[in-house]
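*Asks:* Need a 3D model of the sequence below.
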Amino acid sequence: MSTSPDEGEEKEGPVIRDKRRIDPETGEVRTPPAGKRADKKDEPAAPAAPAADASGGGEAGEETAALKEQLAERLADLQRLKAEYDNYRKRVDRDRVAVREQALGQVLSELLPVLDDIGRARDHDELTGGFKSVGEALESVTGKLGLEKYGEKGEPFDPTVHEALMHSYSKDVAETSVADVLQPGYRIGERILRAARVAVAEPDPNAGDDGAGEGAEDAAGAAEESADGADGSGKSDE
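*Replies:* Below you'll find the model as predicted:
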């Protein structure tokens with residue numbers, strides 16, 4: 001019986017080395033052999049972990065500060081954009097109101113002569129019948145649109161809303177006043193469509209002097225009467 005030449009030799013196979021530091025069966029830390037411990041002493045020491053953590057923490061802090069700065073910039077941009085939008089919206093609303101008042105004022109200004117005719121007809125008792133209904137309806141509509149008629153006799157004169165066409169002096173007024181309204185004025189809110197045309201009366205500058213003269217004459221008359229009374233009593237004594 002012949003034998004194989006490889007029968008006496010040891011067969012080589014894969015070598016598996018268990019380098020786990022924790023024994024999976026007992027759960028205890030394995031102690032490396034003396035030779036291996038000596039080899040590890042000769043190896044260079046690993047860098048300290050805390051130093052790496054410290055450098056990592058510094059980079060994270062710088063990144064956080066940069067993010068906060070960017071967030072503050074974006075917030076400032078947003079606030080500035082909101083303020084610009086608010087100002088734009090207010091300006092648009094104001095312009096819209098101004099355009100509406102301007103267009104309305106142009107239309108109502110064309111109706112002022114008609115309203116003047118209605119007023120003169122009323123003053124002469126000629127506003128009757130169908131003409132009266134139409135006139136009152138027109139005045140009602142213009143009033144709802146904001147048209148206001150002003151100018152009354154006896155009110156103080158205001159050059160910003162009154163146009164003086166006549167001037168006179170009067171003892172019956174204490175300040176410059178409207179003596180008569182020649183043509184009423186019209187306005188929409190604070191906007192004057194047409195100033196009221198009026199006759200103006202100012203206090204008479206000679207009114208005080210006339211009063212003083214009359215007082216002096218009265219005093220002189222009283223003195224003469226008392227003197228006459230004294231003479232008469234003296235004659236009766238004689």
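*Asks:* ok, now how distant is the closest residue to residue 147 other than its chain neighbours from residue 92?
*Replies:* Among residues not flanking residue 147 along the chain, residue 108 sits closest, at 5.2 Å (Cβ to Cβ, 6 or more residues apart in numbering). (C-beta placed from N, C-alpha, C; glycine too.) Distance, residue 108 to residue 92, using Cβ to Cβ, to the nearest Å: 24 Å.
*Asks:* repeat for residue 81
*Replies:* From residue 81 across to residue 92, the span is 16 Å (Cβ to Cβ).
*Asks:* wait, doesn't residue 179 sit right on residue 203?
*Replies:* No - using Cβ atoms under 8 Å as the test, residue 179 is too far from residue 203 to be in contact (12.0 Å).
*Asks:* shared neighbours, these two?
*Replies:* 170, 173 (Cβ atoms under 8 Å, 6 or more residues apart in numbering).
*Asks:* These two: which is more packed in?
*Replies:* Neighbour count, other Cβ atoms under 10 Å: between residue 179 and residue 203, residue 179 has more, with 20 against 16.
*Asks:* Does the residue nearest in space to the middle of the chain belong to a helix, a strand or coil?
*Replies:* By Cα atoms, centre = their mean, the chain has its centre lying nearest to residue 90, at 7.8 Å. What DSSP: H, G, I helix; E, B strand; the rest coil gives for residue 90 is helix.
*Asks:* thinking again about what came up before, please say which of residue 108 and residue 92 ends up with more neighbours.
*Replies:* With neighbours defined as other Cβ under 10 Å, residue 108 and residue 92 compare such that residue 108 has more, 18 against 10.
*Asks:* right, and that one touches residue 189 too?
*Replies:* No - Residue 108 sits out of contact with residue 189 when judged by Cβ under 8 Å, with a separation of 12.0 Å.
*Asks:* Report pLDDT for residue 64.
*Replies:* We have a pLDDT of 89 for residue 64.
*Asks:* Residue 101 too?
*Replies:* 85.
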